[in-house]
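Chemist: Take this sequence and fold it.
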Amino acid sequence: MKKLPLGIQTFEKIVKGDYVYVDKTEYVYELIDGPCYLFLSRPRRFGKSLLLDTVAEAFKGNKELFRGLWIYDSGYAFAEHPVIRFDMSKLDNETPAILKESIMSNLRKRVTDEGLDIDEETPADLFSNLIEGLNRKYGQGVVVLIDEYDKPILDHLHNIELAEENRRIVRSFYGILKSMDAHLRFVLITGVSKFSKTSIFSELNNLTDITLTEEFAGICGIPCDDLDRHFGDHIRALSSSKRFQDYVSVRDEILAWYDGYSWDGESRYINPFSLLSFFKQKRFMSFWYSSGSPKFLIDMVKGKPESFLTIKNLEITEFVLDTFDIRKMELEPLLFQTGYLTVKEVIETGGEPIYLLEIPNYEVRNAFNLQVLSSLTESGDTLAGSAKTEIGRALEAGDLQKMLVILRRLFASIPHNLHVRLEAYYHSIFYAIMTVLGFDISVEVASSRGVADAVLELRDKVYVMEFKYKHCEEGADEEVKRKLFDKALDEAMEQIKDRGYHRKHLGSGKDVILATFAFLGRDDIEMRVAGA
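Modeler: You can find the predicted model right below:
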């Protein structure tokens, strides 16, 4: 049984150490045989660094490392080229000055190692002279591989001015590559986000983006169809233990937790970090999410809670998916680029295709929704987790009054500075609670005469829900509140019945329950329940 390469990003170490390796060398061949300037975006911990190291070994001419892999017998010449590797995630970037000096230090080390006589004052000048020097020394075009190109910017999205300064530094640094065309053989830049070309790569306008190309959809990640071939022994070992059941059930649960990523809407890929972590720890957990969830995404949901309602079956164009502007960040493309949404289907329109996005798997859905709930209410993971269990029991039992008590407790934990007096805010938190529970709740459900706020289907029940918010002055007495509650609940129930939101569920054989919720403030919540 081959060893698991968890945390190993070095191709040589994986091959020589008899670790599991999913052969990506056919993709490597297609990369280096195609356009010379390429860009690839993939979520963190999805194999980008290993891919770059594999490309580097091919260009260094280390053919024997590839024995038994696709590229070995492909006819590729394995000619030796000088390779410059830059991992921007390993550079200090606390300030623009520190970032600049860190880049310079890395370049100077390579200059010294190569015995070149170069002394420049800026990263761009030193980089360009290093490329020219290596080209002259080896008589071959230089290969430039840049990993996590966007890290110096993403680390500071909470401080836009600092992020902008770091952006200017890396923009100047990357920008010299086009002018070095005569000295270069190949350039591959990878990262998480996709900054607009005018923002980062304005000078490098010959860069080909392969992120959503069908040809390279499987360049990172583990194909679902290869799970048995590469990890069958590990699944069998687990299925024979007391903690797990048979082979098929373990395999199916692995796919439910960690599969589901796609960049072409057809082929599906497993998150490699989560899969390897599962085999190492022998338990299902949100490994990828807990390894570093970007805080700026949660902050964006806080600032625009209604956007959380739109991320299920989201339709979006490639132009929008490519958008990342520090000054005008949009949640939906960021969720896709960072791995919280993936391509469910590509809808061909005769013009620009439409991408239907969805959350890829249970790992991401559960962890992200729990984090959203915890952050929107600032209730903490403990309270959010206990609310998850209690509300689940209340819904299964049809005891919505008990659920109301728990909702009040959650909403009461919203700090005054986070509280938003909008119906969408309460709707978002409620949706987060339901999705954290694992219920397949549908929001903005269309009917022939309107749109229901939410529909929740259980094994034997269907809840048709409507939410209303009424502004209430601070310090209002109980009589005023009661009148506002009655008005909101009456309006909501009348809306459900008059517009027939519930009618299509009447023949389902399930109990159809009409549930209306009225909000006046943080923990001022009432509800009303009626049968259909």
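
Chemist: Below-threshold pLDDT in this protein: ranges please.
Modeler: Applying pLDDT under 70 to the chain picks out residues 196-198, 292-294, 303-310, 312, 323-324, 376-385, 414-422, 436-438, 448, 522-523.

Chemist: I'd guessed residue 35 sits against residue 213; true?
Modeler: No: the criterion here is C-beta atoms under 8 Å, and residue 35 misses it with residue 213 at 10.9 Å. Where C-beta positions appear, they are placed from N, C-alpha and C, glycine not excepted.

Chemist: I'd like the next helix or strand past the one helix or strand residue 85 maps to.
Modeler: Using DSSP states H and E, residue 85 maps to strand 83-87. For strand 83-87, the following helix or strand on the C-terminal side (DSSP H and E) is helix 96-114.

Chemist: which helices and strands does that following helix pack with?
Modeler: Contacts defined by 3 or more C-beta pairs under 8 Å, 6 or more residues apart in numbering; DSSP states H and E place helix 96-114 against helix 123-138, helix 160-175.

Chemist: Including mean neighbour count and distance to residue 397, could these go into TSV?
Modeler: Converted to TSV, the helices and strands packed on helix 96-114 look like this (neighbours: other C-beta atoms under 10 Å; distance: least, C-beta to C-beta, whole Å):
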stretch	mean neighbour count	distance to residue 397
helix 123-138	19	64
helix 160-175	19	48
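
Chemist: The residue with the largest distance to the centre of the chain and residue 486: what is the separation?
Modeler: What lies farthest from the middle of the chain is residue 479; by C-alpha atoms, centre = their mean that is 47.3 Å. Residue 479 is 11 Å from residue 486, where distance means C-beta to C-beta, to the nearest Å.

Chemist: Quick one: classify residue 27 as helix, strand or coil.
Modeler: helix (DSSP: H, G, I helix; E, B strand; the rest coil).

Chemist: Can you give me every residue that contacts it?
Modeler: Contact partners of residue 27, counting by C-beta atoms under 8 Å, 6 or more residues apart in numbering, are 51, 216, 218-219.

Chemist: And residue 451, by the same measure?
Modeler: Contacts of residue 451 by C-beta under 8 Å, 6+ apart are 444-445.

Chemist: what phi and what psi does the backbone show at the nearest residue to residue 501 once chain neighbours are set aside?
Modeler: Closest residue to residue 501 apart from its sequence neighbours, by C-beta to C-beta, 6 or more residues apart in numbering: residue 452 at 3.9 Å. Residue 452 adopts backbone torsions of phi -80, psi 140, taken as degrees, to the nearest 10.

Chemist: wait, is residue 443 part of a helix?
Modeler: No: applying three-state DSSP, one finds residue 443 to be strand, outside a helix.

Chemist: So what pairs up with it in the strands?
Modeler: residue 454 (DSSP bridges).

Chemist: Verify the stated contact: it with residue 431.
Modeler: Yes: under the criterion of C-beta under 8 Å, residue 443 makes contact with residue 431 at 5.7 Å.

Chemist: what sits against the residue nearest the centre of the chain?
Modeler: When C-alpha atoms, centre = their mean is applied to the chain, the residue found nearest the centroid is residue 339 (1.8 Å). Applying C-beta under 8 Å, 6+ apart, we find residue 339 in contact with 42-44, 46, 192, 261, 271, 288, 360, 364.

Chemist: Equivalent analysis for residue 165, please.
Modeler: By C-beta under 8 Å, 6+ apart, the contact list for residue 165 reads residue 96.

Chemist: Would you quantify the distance from the residue nearest to residue 501 to residue 70?
Modeler: 52 Å.

Chemist: Those two - which one has more neighbours?
Modeler: Between residue 452 and residue 70, counted using other C-beta atoms under 10 Å, the more crowded position is residue 452 (20 against 15).

Chemist: any idea how far that one lies from residue 424?
Modeler: When residue 452 is compared with residue 424 (using C-beta to C-beta), they lie 15 Å apart.

Chemist: Break the chain down into its domains, please.
Modeler: What automatic domain parsing lists as the domains of the chain is 11-216, 222-372, 378-531.

Chemist: Looking at residue 443 and residue 431, which one has more neighbours?
Modeler: Legend: neighbour count by other C-beta under 10 Å for residue 443 and residue 431, higher for residue 431 (25 against 21).

Chemist: picking that back up, counting by contacts, list what the strand holding residue 85 packs against.
Modeler: helix 48-59, helix 123-138, strand 142-147.

Chemist: residue contacts, residue 224?
Modeler: Per C-beta under 8 Å, 6+ apart, neighbours of residue 224: 255, 259, 267-270.

Chemist: Generate TSV for these, with secondary structure and distance to residue 413 as supplementary columns.
Modeler: Formatted as TSV, the contacts of residue 224 follow (DSSP: H, G, I helix; E, B strand; the rest coil; distance: C-beta to C-beta, whole Å):
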residue	secondary structure	distance to residue 413
255	helix	35
259	coil	34
267	coil	42
268	coil	38
269	strand	38
270	strand	36
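
Chemist: can you pick the most crowded of those residues?
Modeler: residue 269 (27 neighbours).

Chemist: Okay, and the beta partners of that residue?
Modeler: residue 223, residue 261.

Chemist: Show me what the top helix by length along the chain is packed up against.
Modeler: As assigned by DSSP state H, the longest helix anywhere in the chain is helix 478-499. Applying 3+ C-beta pairs under 8 Å, 6+ apart, we find helix 478-499 packed against strand 450-457, strand 461-469, strand 511-519, strand 525-531.

Chemist: Just put these in CSV and tack on distance to residue 146.
Modeler: Conversion of the helices and strands packed on helix 478-499 to CSV gives the following (distance: least, C-beta to C-beta, whole Å):
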stretch, distance to residue 146
strand 450-457, 45
strand 461-469, 47
strand 511-519, 49
strand 525-531, 51
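
Chemist: Would you list the phi and psi of residue 446?
Modeler: Here residue 446 shows phi and psi, under degrees, to the nearest 10, equal to phi -80, psi 140.

Chemist: do you know how far it is from residue 493?
Modeler: 20 Å.

Chemist: Looking at these two, which is more packed in?
Modeler: More crowded of residue 446 and residue 493, by other C-beta under 10 Å: residue 493, with 18 against 10.

Chemist: Just to check, the more buried one is in contact with residue 514?
Modeler: Yes: Residue 493 lies in contact with residue 514 (C-beta under 8 Å); the separation is 6.5 Å.

Chemist: Report the set of residues contacting both of those two.
Modeler: residue 530.

Chemist: Surely residue 329 touches residue 158?
Modeler: No: in this structure, residue 329 is not within contact of residue 158 by C-beta under 8 Å, at 11.7 Å.

Chemist: Would you mind listing the residues touching both of the two?
Modeler: Joint contacts of residue 329 and residue 158 (C-beta under 8 Å, 6+ apart) are residue 296.

Chemist: okay, those two: which has more neighbours?
Modeler: residue 329 (16 against 10).

Chemist: does residue 343 count as helix, strand or coil?
Modeler: Secondary structure of residue 343, per three-state DSSP, is strand.

Chemist: before we move on, back to that, am I right that the residue nearest to the centre of the chain is in a strand?
Modeler: No: under three-state DSSP, residue 339 sits outside any strand and is assigned coil.

Chemist: Quickly note the distance from it to residue 284.
Modeler: For residue 339, the distance to residue 284 - C-beta to C-beta - is 18 Å.
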